[in-house]
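Asks: Just to be clear, the model below is a prediction. Sequence and coordinates:
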Amino acid sequence: MSTHSELAKELFLKGYNCSQSVFAAFCDETGLDTDTALKVASSFGGGMGGLQGVCGAVSGMFMVVGMKYGYTHPPDKTAKKEFYGLIKHLAKQFEKEEGSIICRELLDLLIKNNYPGSGGKRHFCAGLVEQAARLLDEYILEKNKRSDS
């Protein structure tokens, strides 16, 4: 478990939504202050404002990646393509490990598998928050190693 994943889980268990928890856990990486990060990410919990679309933990992960590696020059098609490739890569990793990146589908898996003794939805989602932060930490660490080489 990484420090960011521990912090993300801790924030979630304090009552922040899944997106806020992941995004705010990486303020040291993004340079944002915690209050700003919490406000920016507040709309993305529960799969976009409770609509159960893309998992908020995944959205939080994508926001961190955007802050660190996003493109800013629209005519640079290569940068945009590479960045979207990174987003797809992280999404596929999360989906491979969790079964989906869609909140509604993840919650259906919780119900279908009736995770005994799991503590229900709150505990299940805390694990998703932790997982998103861990995947992100692994990516950042690997990218930093490649940059140092």
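Replies: Nice, I can see it. Numbering: from 1, shown residues only.

Asks: Over to the nearest residue to residue 104 once chain neighbours are set aside. Which of the three states is it?
Replies: Counting by CB to CB, 6 or more residues apart in numbering, residue 52 is the residue found nearest to residue 104 once chain neighbours are left out, at 3.8 Å. The way it works is simple: take the backbone N, C-alpha and C, and place the C-beta from them, glycine included. At residue 52 the chain is in coil, as set by DSSP: H, G, I helix; E, B strand; the rest coil.

Asks: Count the residues that sit near residue 52.
Replies: Using other CB atoms under 10 Å, the number of residues around residue 52 comes to 17.

Asks: looking at it, it is touching residue 107, isn't it?
Replies: Yes. Counting by CB atoms under 8 Å, residue 52 touches residue 107, with 6.9 Å between them.

Asks: can you give me the helices for this structure?
Replies: Remark: helices assigned in the chain by DSSP state H are 3-14, 18-25, 27-30, 34-41, 45-48, 56-69, 77-98, 103-113, 120-148.

Asks: Contacts only, for residue 127.
Replies: In this structure, residue 127 makes contact with residue 9, judged by CB atoms under 8 Å, 6 or more residues apart in numbering.

Asks: pLDDT score for the closest residue to residue 62 other than its chain neighbours?
Replies: Spatial nearest neighbour of residue 62, chain neighbours left out: residue 87 (5.9 Å); criterion: CB to CB, 6+ apart. pLDDT, residue 87: 97.
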